[in-house]
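Asks: Quick one: sequence and predicted model below, then my questions.
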Amino acid sequence: MLMERTQSDDTFVRLNQHLDHLAQDAQQHSSGTLERQLALTKLIRLAQTSGKIYRPTNPGLSANLYDEICDEAIWETWLWVSKNIDRYDSTRGNVLTWINSTLYWRFKDRVSAWIQRQKTAPSIAETHYLEPFSSLDQTPSLSELVQRWFEDDPDAILCQDCIRGYPHVTFQAIALQRLAGKSWEEISTQFNGMKISTLSSFYQRCVENLAPQIRVCIQNYSYD
């Protein structure tokens with residue numbers, strides 16, 4: 001006995017047919033033409049409002065970080081679809097399956113990149129650039145010395161770099177939070193929900209650029 005088709009089934013079929021028509025319409029026009037762009041705009045707008053674009057499963061990220069990475073992956077998906085519409089093949093699946101598959105891999109790539117950054121990002125608390133004096137018998141301890149130097153910033157090098165448009169979000173401000181053991185989620189909240197990726201990328205770049213100078217400054221500071 002055949003199961004009756006439901007109204008939602010018919011709606012889904014019509015939706016995919018419409019999306020398929022738009023995809024094929026875009027493919028018929030050369031890249032850069034107005035006709036192709038119009039077809040792509042309609043396709044993406046219809047897919048966005050269809051309620052059939054599924055957010056990937058959260059692999060255990062904090063809610064804020066998951067939302068941020070997911071939003072970035074979705075944006076990258078629309079960009080990829082626009083540039084690669086000619087790769088769509090209706091014989092291998094419908095448009096929504098193609099888009100959701102693309103989103104899954106964009107999201108997975110984003111998560112992997114985030115995890116890798118956390119593994120490789122140099123931390124101020126790490127002493128690979130402080131090794132020349134890590135074995136010195138000194139009071140206070142090296143970690144306390146580093147903390148005090150970052151708070152004082154006697155050479156005013158930590159407060160010079162800030163995130164563009166946010167003069168209060170300086171390398172010093174972020175570094176002190178990291179030294180205090182604050183998570184990126186906590187730091188993001190403190191800076192009015194600024195994106196974690198923005199904060200961590202800025203922080204990493206500053207540490208890499210300033211590491212040699214920080215080492216010399218702290219060494220001189222320890223001898224004061």
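Replies: Alright, I've got the coordinates. Residues are numbered from 1 along each chain as shown.

Asks: What lies in contact with the helix or strand residue 72 falls within?
Replies: Following DSSP states H and E, one finds residue 72 within helix 63-83. Counting by Cβ atoms under 8 Å, 6 or more residues apart in numbering, helix 63-83 makes contact with 40, 43-44, 48, 53, 55-56, 58, 61, 99, 102-103, 106-107, 109-111, 114, 184-185, 188, 193, 195-197, all of which sit outside it. Backbone N, C-alpha and C define where each C-beta goes, glycine included.

Asks: repeat that for 6 Å
Replies: With Cβ atoms under 6 Å, 6 or more residues apart in numbering as the test, helix 63-83 has contacts from 40, 44, 55, 58, 102-103, 106-107, 110, 185, 195-196.

Asks: out of these, which are inside helices?
Replies: 40, 44, 102-103, 106-107, 110, 185, 196 (DSSP state H).

Asks: Tell me which two of those sit farthest apart.
Replies: By the measure Cβ to Cβ, the ones in helices among the contacts of helix 63-83 have their two most distant members at 40 and 185, which lie 35.9 Å apart.

Asks: neighbour count winner among those two?
Replies: Between residue 40 and residue 185, counting by other Cβ atoms under 10 Å, residue 40 is the more crowded of the two (20 against 14).

Asks: contacting residues for that one?
Replies: Here residue 40 is in contact with 26, 82 (criterion: Cβ under 6 Å, 6+ apart).
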